[in-house]
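# coords please:
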Amino acid sequence: MSEESEVNRAVVTPARVVIALCLVAPFVAMLWVGSYAKIDPTFIGIPFFYWYQMLWVIISTALTMTAYKLWQRDQRARTSQGGGASK
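Predicted coordinates:
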């Protein structure tokens, strides 16, 4: 019984902290509207408000992909240590 509770216990690792930051950063950036609610500087005639949001689409994709790859690596490491998810 105690062995089962040790396996299911959440462990905070540096990789998991980075994963959380990668997933939270786009939400913080988009919910903080005051930081990008302006027109200047424009980029090829597009106001800052619009191109900033479109830039975050690309950044969010990269951060989500990074988080996914880190999660895969973390799960492989846990499985190889014998502390992986039960089958």
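# Find the nearest non-adjacent residue to residue 36, please.
residue 52 (4.4 Å; C-beta to C-beta, 6 or more residues apart in numbering). Heads up, the C-betas are built off the backbone N, CA and C, glycines and all.
# roughly how far out does the host helix or strand of that neighbour sit from the chain middle?
Here residue 52 sits within helix 48-80, counting by DSSP states H and E. On the basis of C-alpha atoms, centre = their mean, to the nearest Å, helix 48-80 sits 5 Å off its chain's mean C-alpha point.
# The residue nearest to residue 36 and residue 33, how far apart?
Distance, residue 52 to residue 33, by C-beta to C-beta, to the nearest Å: 10 Å.
# the more surrounded of those two?
Per other C-beta atoms under 10 Å, whichever of residue 52 and residue 33 has more neighbours is residue 52, with 18 against 9.
# Would you mind measuring from the more buried one to residue 11?
From residue 52 over to residue 11 (counting by C-beta to C-beta), the distance is 36 Å.
# Quick check: residue 21 is in a helix.
Yes. Counting by DSSP: H, G, I helix; E, B strand; the rest coil, residue 21 is part of a helix.
# No more questions from me, cheers.
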